[in-house]
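Visitor: Fold the following for me, if possible:
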Amino acid sequence: MAGSKRTDNKGRILKIGESQRKDGRYQFQYTDSTGKRHCIYDMNLSKLREKEKKILNDLEDGIRSMDSKKITLIDLVEMYLENHRSIRESTEISYRKIFNVHIKDSSIGKKSICNIKNSDMLKFYNGLLDKGLSSGYLHIMNAFLSPAFELAVDDDLIPNADAHCQFIQ
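Guide: A predicted model of the protein is given here:
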């Protein structure tokens, strides 16, 4: 039957790229900006379509959302410090000490960069203030975290948002 619409087992019309597997899960297939094929799955069609909408918006904006889900704050800071050669050696040592003591083993350090919100960073900073760290110390920390997030924006790993780049005013 040429021209008939594809439907799921409940009779709902499926969009291009969507299908329903034999186990009942819905899948959406798409090609990223590098030409690589990806699939996402969900048992609920409406939840799949929410994920699908975000992916398509990210692709339209040029954001590599699949990459950013794998990159943690720890990875981002390491990438920034490895590639940022214009800072003095003593400054890099100071940044790495702060990173190792306060970020590397923290829950925010293990969080994916696409899931870190400005409010998460403010909560993290407030927790450090509650532990007795000075605001000057946090400014030093912010001196490498903000450019690290700017790097992620420049590399299209997260959307361009001023909130990601300035945590302390």
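Visitor: Against which helices or strands is the lengthiest helix in the chain packed?
Guide: With secondary structure taken from DSSP state H, the chain has its longest helix at helix 135-154. In this structure, helix 135-154 makes packing contacts with helix 73-83, helix 89-98, helix 118-130, helix 162-165, judged by 3 or more CB pairs under 8 Å, 6 or more residues apart in numbering; DSSP states H and E. Heads up, the C-betas are built off the backbone N, CA and C, glycines and all.
Visitor: and it, which residues are buried?
Guide: Residues of helix 135-154 classed as buried by neighbour count (16 or more other CB atoms under 10 Å): L138, M141, N142, F144, L145, S146, P147, A148, F149, L151, A152, V153.
Visitor: Comparing the helices and strands packed on helix 135-154, which comes out most buried?
Guide: Burial among these, expressed as mean neighbours by mean count of other CB atoms under 10 Å, is greatest for helix 73-83, which shows a mean of 17.
Visitor: Please parse the protein into its domains.
Guide: For the chain, the structural domains run 1-62, 69-165, going by automatic domain parsing.
Visitor: The residue nearest the centre of the chain in helix, strand or coil?
Guide: In the chain, the residue lying closest to the centroid (CA atoms, centre = their mean) is C114, at 1.7 Å. Per DSSP: H, G, I helix; E, B strand; the rest coil, the secondary structure class of C114 is helix.
Visitor: quick thing: my sequence starts at 25, can you match it?
Guide: Fine by me, first position is 25 from now on; the one you just mentioned is C138.
Visitor: That one against L181, yeah?
Guide: Yes - with contact defined as CB atoms under 8 Å, C138 and L181 form a contacting pair (7.3 Å).
Visitor: quick one on the thing from earlier: reformat the domains of the chain as TSV; add mean pLDDT.
Guide: What follows is the domains of the chain, written out as TSV (pLDDT from 0 to 100):
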stretch	mean pLDDT
domain 25-86	83
domain 93-189	86
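Visitor: Can you lay out the helices and strands packed on helix 159-178 as JSON lines showing distance to R36?
Guide: Formatted as JSON lines, the entries for the helices and strands packed on helix 159-178 read as follows, by distance: least, CB to CB, whole Å:
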{"stretch": "helix 97-107", "distance to R36": "39"}
{"stretch": "helix 113-122", "distance to R36": "52"}
{"stretch": "helix 142-154", "distance to R36": "36"}
{"stretch": "helix 186-189", "distance to R36": "37"}
